[in-house]
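K.L.:
Whatever this is, show me its structure:
(2 chains)
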Amino acid sequence: MSAEHTGTAEHTGQPSPPVETSLSVEIWRGRDQGRFETYTVPQRASQTVLDVVTWIQRHAEPALAYRFACRVGVCGSCAMTVNGRPRWTCRTHVSKVADDGRLRIEPLRNLPRIKDLAVDMTPFFEKWQRAQGRFTPTRSRADPLVAVSPDSPARKAADAGIECINCAVCYAACDVVGWDRDYLGPAALNRAWTLVNDERDGDRRGVLKAASSGGGCHSCHSHGSCVEHCPVGINPTAGIAGLKRRSLIDMLGGDLP
Amino acid sequence: MTPARLFLAQRLTALILVPLVLVHLALILVAVEGGLSAAEILDRTRGSAGWAAFYGLFVLAAATHAPIGLRNVIHEHTGWRGRSLEIAMIGLGLLLAGLGLRAVVAVVAP
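P.N.:
Numbers count the residues shown, from 1 in each chain, chains lettered A, B, ... in the order given. Okay, here's the model as predicted:
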């Protein structure tokens, strides 16, 4: 079932370029039970998917629920499923993803739905904690800074995964997350890998133990969907492979059970 | 057994199985193409420590490898998990080992 909504651009008093083309945008409305509703949205140059959703919320559907904050690809709030793929909508240009002028926008997979395009991120962040994806300090602010060589292999490995914005695109793209509710997912394991390689962390063995326990790195099938979809170009599969390797080495060395 | 140990056991048994399976398949083709009868095959295998070791290792590797993989498949695609699944998979491994070793004994015992 779907409904048709048509809107026009807000009158601002400023001359605006004529709208020559429009987009047909299907948006999921409701929670688990719901329907797609179709909106006609004016197409603009350099328009992002988030621009489209915001236009609909402002001009056609004030009750539409969605989440965003920074609009510039930093906060990781605005991820949605766009034409079947998880994407950061604020940095996704419509011209790159529209299929013959059509968009279908849904909430992220693998997370409980709240309303419309908003999902509950609680399981995502709980798994982050289960993987011990938090820094354990060893010094106070009174101590001098640790000198970390940016050229050391461990620091390079940590740097490769450090720019994660917690958008959950990888979590939504991962088939194993969809199959196995215990699986920690690519983002949490990527974070664990950065900590295992952070010489300042006070409990790296604890991180490795958490990340290689049930539902941890050994559950990854190396499909690579996380790599394919990560908007900031991180390779969580490589980090997870590193966790597998390191946990096996530590296990054989008697340092891990 | 921890996930890391299961992971390692499955990979090591896979490494063992790859050459054994290839030799086994080649052997079937050679035996069939060569027109060997069952009696002629048994003549060659009975009392052979080499074939006993080859197929004994094959059975033990398969009996270790298969339950670990099946456990993962069941864990991911059904709601079955926990202690009962572990016990069932240990049972499957013992069953495969028992049936396989029985067959090996039947072929290699003098």
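K.L.:
Now do the helices in chain B.
P.N.:
Using DSSP state H, the helices found in chain B span residues B:3-34, B:38-45, B:49-77, B:83-108.
K.L.:
wait, I meant chain A
P.N.:
Going by DSSP H, chain A shows helices at A:49-59, A:94-97, A:122-130, A:153-161, A:169-173, A:175-179, A:186-196, A:204-211, A:225-229, A:236-252.
K.L.:
Relative to residue B:81, which of these is closest?
P.N.:
Closest approach to residue B:81 among those is made by helix A:175-179 (11.8 Å; Cβ to Cβ). Where you see a C-beta, it was placed from the backbone N, CA and C, and this is true even at glycine.
K.L.:
could you point out where chain A is predicted with low confidence?
P.N.:
Low-confidence segments of chain A, defined by pLDDT under 70: A:1-20.
K.L.:
Contact distance from chain B - what residues of it qualify?
P.N.:
With Cβ under 8 Å from any Cβ of the partner chain as the criterion, chain A meets chain B at residues A:176, A:179-180, A:182, A:212-214, A:216, A:218-219, A:244, A:247-248, A:251, A:256-257.
K.L.:
go with 10 Å
P.N.:
Along chain A, the residues adjacent to chain B under the rule Cβ under 10 Å from any Cβ of the partner chain are A:175-176, A:178-183, A:208-209, A:212-219, A:221, A:243-244, A:247-248, A:250-252, A:256-257.
K.L.:
filter these to the buried ones?
P.N.:
Buried members of these, scored by 16 or more other Cβ atoms under 10 Å in any protein chain shown, are A:176, A:179-180, A:183, A:208-209, A:212-213, A:215-219, A:243-244, A:247-248, A:250-251, A:256.
K.L.:
the residue most distant from the middle of chain B, which is it?
P.N.:
residue B:79 (27.3 Å; Cα atoms, centre = their mean).
K.L.:
can you pull the pLDDT of residue B:81?
P.N.:
We have a pLDDT of 89 for residue B:81.
K.L.:
before we move on, back to that, quick one, which of the helices of chain B gets closest to residue A:79.
P.N.:
Nearest of the helices of chain B (Cβ to Cβ): helix B:49-77, 24.0 Å.
K.L.:
With distance to residue A:106 as added columns, please give the helices of chain A in JSON lines.
P.N.:
Output for these, formatted as JSON lines (distance: least, Cβ to Cβ, whole Å):
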{"stretch": "helix A:49-59", "distance to residue A:106": "11"}
{"stretch": "helix A:94-97", "distance to residue A:106": "13"}
{"stretch": "helix A:122-130", "distance to residue A:106": "17"}
{"stretch": "helix A:153-161", "distance to residue A:106": "28"}
{"stretch": "helix A:169-173", "distance to residue A:106": "10"}
{"stretch": "helix A:175-179", "distance to residue A:106": "14"}
{"stretch": "helix A:186-196", "distance to residue A:106": "20"}
{"stretch": "helix A:204-211", "distance to residue A:106": "30"}
{"stretch": "helix A:225-229", "distance to residue A:106": "15"}
{"stretch": "helix A:236-252", "distance to residue A:106": "23"}
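K.L.:
among those, which is nearest residue A:80?
P.N.:
The nearest among the helices of chain A, by Cβ to Cβ, is helix A:49-59 at 7.2 Å.
K.L.:
who does the closest one touch, helix- and strand-wise?
P.N.:
In terms of contacts (3 or more Cβ pairs under 10 Å, 6 or more residues apart in numbering or on different chains; DSSP states H and E), helix A:49-59 is packed against strand A:4-6, strand A:22-30, strand A:34-42, strand A:79-82, strand A:85-88, helix A:94-97, strand A:102-106.
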